[in-house]
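*Asks:* give me the fold of what follows.
(one chain, ligands or ions: 2)
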Amino acid sequence: MSDSVTGLSSKKPIPHAGGKLRIKPGPNNSYQLGFEHTSSDHGMALYQLAVSFDGRPLAVVPVGGIGSVTPPYPQPSVLAFIISDAQQMWGRICPQCRSYFRTNHISGMTVCPYCTFAEDSIYFVTDPQRRYLKKYVEVVERVIKEQREIEIDLNEATDSPEWTYEERQLQHRFTCTTCDVTTDILGEYGSCPKCGSRNSGAVFHRKLNRIASDLITATQDQRPDVLNRAVSVFEAMANDLKKILVSIPSHARRRGQISSLNFQNVAPAVEQLEQWYAFDLRNGLDAGDLPFVDLMFKRRHLFTHNAGRVDEKYLRETGDKTYELNEAVVLTAEEMDRLLPLIRKLGANLITDVDGLE
Ligand SMILES: [Zn+2]
Ligand SMILES: [Zn+2]
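*Replies:* Ligands and ions are numbered 1, 2, ... in the order given. Okay, the predicted model is just below:
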C-alpha cells in the first residue's frame, strides 16, 4: 500500500468530466447510447449500470466494444453510463455509515474505507448520482416514446444540475499496492475499497520515518517532542486498528474490553491483545523491550501533563529507580535510538496480526 507523502491535503470540489451524451431510438422500443469525451485538458472514464425504471441501480454491466455481446443483466431496466469526475474517479457513499469517499473502484464488492462494511458496489451510488439516473431514465423513456435522438451536452447542462454531479477531493489519497485502486478519504487511515486491506502500514511507517530522521538532529530539548510524536503515531495507528477489532463479531463483553483498551498503557494493552487474539506482538523483541517501551510511554505522559517532572504515580507504576519525585526527566539519545525501532516493530506486528484475522 502506498500513500501520498504530503499528509493531509485540503478538501476541494472536483468537477464532472463533462462530454456529450447521446441517446438514439432503435428498433422495437430499443435505444442506443453514445458518449463523446470533449475536453482536452482532463481525462474521463465511465461505467455502465442497469437501472430500474424508478431509477434504482440494479447491476454493473460491462460496456461492450464493437461487435461484443452485452452479458445478461436484470430486466426490466435501462442501461446508463455513469461518467467519472475530471480525475477519473467517482464519489461513493457507504450505505452503513453514510460517509463519503472517492475512488476508481466501481464494480463488484466494495468495502467502506471508514467502517469496513462490505456490499455490492451498486449500494454505494451517491444521492447526486441517483438523481442523475432518475433524470436519465426519463430521457430514455422520452427517446423511445418520441422516436427521436436526444443529445445532452454535459458541459452546458448547467440549468439541470442532475446531469453533472460534482465530486469532492478529500484529505488523503492512497493507492493500494495489491489492486492498484486509488481512493480519497477523510483522515489518513482507511481500507482499500476493493480488497479491504488497511493502509495502516504505509501511513505508520511514513510517519515514523519522518520522526526517525528528525531524531538524528534533535537536541536534548527537542527529544520530548520527538517522543511525544512517536507515541502519538503509534497510538493513532493502534486506535484505528482497534476499530477493526471492535467491528469483528464477538461477545459484547469482549467488544467492551477492546473498546476500552488504552495504548498509552502499552504493556498491558499488548499483553491483552496477545491473550485475546493469540497475536504475537512481541515477535522480534527481547524480554526487556516491552517494559522499556512502557516506561518511555509513561515518561511521555510526564512531558505532556507534568512539564516533564516525575510524579508519584510514575514512580508507583514504573518503579523507576533512576529518578526521584519532582526530578525532571532527561531523555538521552541512546534511549530514543532504542525506542523508535521498538515502536516500529510493535506497530508492524500489530498491523500484520490484525491483517491476518479472518
Ligand atoms: Zn462505512
Ligand atoms: Zn486493494
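
*Asks:* get me the contact residues on the stretch 101-250 of the chain for ligand 2.
*Replies:* Contact residues, the stretch 101-250 of the chain versus ligand 2 (CB under 5 Å from the ion): 176, 178, 179, 192, 194, 195. (Glycine included, C-beta is placed from N, CA and C.)

*Asks:* name the nearest of these relative to ligand 1.
*Replies:* Nearest to ligand 1 among these: residue 192, at 13.7 Å, using CB to the ion.

*Asks:* quick one, what contacts residue 19?
*Replies:* By CB atoms under 8 Å, 6 or more residues apart in numbering, the residues touching residue 19 are 35, 36, 37, 38, 39, 44, 83, 154, 155.

*Asks:* what is the neighbour count of the fifth one?
*Replies:* The criterion is other CB atoms under 10 Å. On that basis, residue 39 has 14 neighbouring residues.

*Asks:* low-confidence stretches in the protein?
*Replies:* Counting by pLDDT under 70, the chain shows low-confidence ranges at 1-7, 65-66, 157-158.

*Asks:* write out the residues of it neighbouring ligand 1.
*Replies:* When proximity is defined as CB under 5 Å from the ion, the chain approaches ligand 1 at 94, 96, 97, 112, 114, 115, 117.

*Asks:* are any of those buried, and if so which?
*Replies:* Buried members of the residues of the chain next to ligand 1, counted by 16 or more other CB atoms under 10 Å: 94, 112, 114, 115, 117.

*Asks:* closest one to ligand 2 out of those residues, please.
*Replies:* Distances from ligand 2 to those, taken by CB to the ion, are shortest for residue 112, at 13.4 Å.

*Asks:* residues in contact with the residue lying closest to that closest one once chain neighbours are set aside?
*Replies:* In space, and not counting its chain neighbours, residue 112 is closest to residue 94: 3.9 Å by CB to CB, 6 or more residues apart in numbering. By CB under 8 Å, 6+ apart, the residues touching residue 94 are 100, 101, 112, 114, 115, 117, 124.

*Asks:* quick check: the first one vs residue 87, distance?
*Replies:* Pointing back at residue 100 there. Note on residue 100: its distance to residue 87, by CB to CB, to the nearest Å, is 15 Å.

*Asks:* same check, this time on residue 274
*Replies:* Residue 274 is 43 Å from residue 87, where distance means CB to CB.

*Asks:* who has more neighbours, these two?
*Replies:* Set residue 274 next to residue 87 and count neighbours by other CB under 10 Å: residue 87 wins out with 20 against 15.

*Asks:* ok but that one is inside a strand, no?
*Replies:* No. Counting by DSSP: H, G, I helix; E, B strand; the rest coil, residue 87 falls outside a strand, being coil.

*Asks:* do I have it right that it meets residue 41?
*Replies:* No. With contact defined as CB atoms under 8 Å, residue 87 does not count as touching residue 41 (11.9 Å).

*Asks:* find the residue at the geometric middle of this protein.
*Replies:* Against the mean C-alpha coordinate of the chain, by CA atoms, centre = their mean, the closest residue is residue 190 at 2.5 Å.

*Asks:* using the three-state scheme, assign the residue lying closest to that residue once chain neighbours are set aside.
*Replies:* Spatial nearest neighbour of residue 190, chain neighbours left out: residue 113 (3.5 Å); criterion: CB to CB, 6+ apart. Following three-state DSSP, residue 113 is assigned to coil.

*Asks:* gap between residue 113 and residue 192?
*Replies:* In terms of CB to CB, residue 113 sits 7 Å off from residue 192.

*Asks:* can you give me the helices for the stretch 1-150 of the chain?
*Replies:* Along the stretch 1-150 of the chain, the segments classed as helices by DSSP state H, counting those that start in this stretch run 127-146.

*Asks:* quick revisit: filter the contacts of residue 19 to the buried ones?
*Replies:* For the contacts of residue 19, buried by 16+ other CB under 10 Å: 35, 44, 83, 154, 155.

*Asks:* test my guess that the first one contacts residue 20.
*Replies:* Yes. In terms of CB under 8 Å, residue 35 counts as a neighbour of residue 20; the distance is 7.0 Å.

*Asks:* can you tell me which helix in this structure is longest?
*Replies:* Using DSSP state H, we find that the single longest helix of the chain is helix 223-247.

*Asks:* so how far is that helix off the chain centroid?
*Replies:* 17 Å (CA atoms, centre = their mean, to the nearest Å).

*Asks:* thanks a lot, see you next time.
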